[in-house]
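> return atomic coordinates for the entry below.
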Amino acid sequence: METRTFGRTGLDVSVLGFGGAPIGVLETGQREVDGVLGLLLDHGVNLIDTAAGYRGSEEAIGQSIGSRRDEFVLVSKCGQAFDDVPGSPWSAEVITATVDRSLARLRTDHLDVMLLHTCDREVLEQGEALGALVRARDAGKVRFVGYSGDNRTGAYAACLDDVSVIQTSVNLCDQVNIDEVLPTAAEFGVGVMAKRPIANAAWKDLNDQPGFYARYAETYTERLALMAFAPEDIGFEESDWAEVALRFTLSCDVHTAIIGTTNPDHVLANIEAASRGPLPEEAIARIRTAFEEAVEDAGEEWAGQT
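Below you'll find the model as predicted:
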């Protein structure tokens, strides 16, 4: 699988990464987790992303592939308080305790990247949360520090000296960060993880979305309807929605696109789509224009979705 240099971290990351939210949110069984993660690693996907708040995800990942730790870049996210990590969200106390909890759950002695999980700009400016992660980095528990978020706060985070990685939404229904965040990240040599690259399958009927994802996909579904765009407009088939979406994201200035699926067939389809490389320039232009015209018709700003 193609790899890209992950900004100034110097790490080589696969253009596809795995997002561990569905493992927890959909309460995926351990056997299914083992199968999907093994398949990903065996096909060269070498970035695994999870979060302290993805209930059960860290534990399942640690149990499944902790023994293959040297084969992948491991990313988690923190900031919220939990029953077993009490305190004020974004406090140094909570950040420090969460790092230690994540290490134990993921069965590792270090995280390659730990991200602040979508705090607002005021938290970044106060510096307590980021400072706690920097101390974890200096202690060898975390190799690189970063931020998961969007819009102007994401751009602000990308300017900070201690932020080496940004995770932000980039997809055909969520294009504001292409102009808002990605140029700043490139200027400062920040590694970029694109979240939600397949736009939560916004082309599907919401009734066909599993559980929590019906609500999560609602904004993108509404946007796509207003965009009046279809794969046939750029020479693809109607069945090619996922490929078009993924290749659009990978055509942007990102280093890895985080796919969240527990379906082995979807894993293989995404790997095959990514292998075909970026979309043609005229296809990218058509998708960009569809988004811009829909925003203008809507008469309101379409902010990046967290």
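> list of residues touching the helix or strand harbouring Arg31?
Per DSSP states H and E: Arg31 is located in helix 30-42. Contacts of helix 30-42 with the rest of the structure, by Cβ atoms under 8 Å, 6 or more residues apart in numbering, involve 18, 23, 48, 60-61, 63-65, 68, 71-72, 261-264, 267-268. All C-beta atoms are positioned from the backbone trio N, CA, C, and that covers glycine.
> among those residues, which are in strands?
Per DSSP state E, strands hold the following members of those: 18, 48.
> buried only: go through the contacts of helix 30-42 for me.
18, 23, 48, 60-61, 63-65, 72, 261-262, 267 (16 or more other Cβ atoms under 10 Å).
> tell me how many other residues crowd Asn151.
By other Cβ atoms under 10 Å, 19 other residues sit near Asn151.
> so it sits against Val181, correct?
Yes. Asn151 is within contact range of Val181, at 7.5 Å (criterion: Cβ atoms under 8 Å).
> what touches both of these two?
Counting by Cβ under 8 Å, 6+ apart, the contacts common to Asn151 and Val181 are Gly304.
> hey, where'd the strands end up in the stretch 51-200 of the chain?
Assigned by DSSP state E, counting those that start in this stretch, the strands in the stretch 51-200 of the chain fall at 73-78, 111-117, 142-148, 165-169, 191-195.
> any idea of the angle the second one forms with strand 191-195?
Between strand 111-117 and strand 191-195, the angle comes out at 60 degrees (axes from the mean of the first three to the mean of the last three Cα atoms, to 10 degrees).
> what lines up beside strand 111-117 in the sheet?
Applying DSSP bridges to the sheet, strand 111-117 is found paired with strand 73-78 (parallel), strand 142-148 (parallel).
> now it: how far from the chain's centre is it?
Centroid separation for strand 111-117 versus its chain: 12 Å, with Cα atoms, centre = their mean, to the nearest Å.
> what does that strand rub up against?
Strand 111-117 has contacts (Cβ under 8 Å, 6+ apart) with 9, 11, 51-53, 73-80, 90, 99, 102-103, 123-124, 129-130, 133, 136, 141-149, 157, 164-165, 167, 191.
> go again with 6 Å.
When contacts are defined by Cβ atoms under 6 Å, 6 or more residues apart in numbering, strand 111-117 is touched by residues 51, 73-77, 79, 129, 133, 142-144, 146-148, 165, 167.
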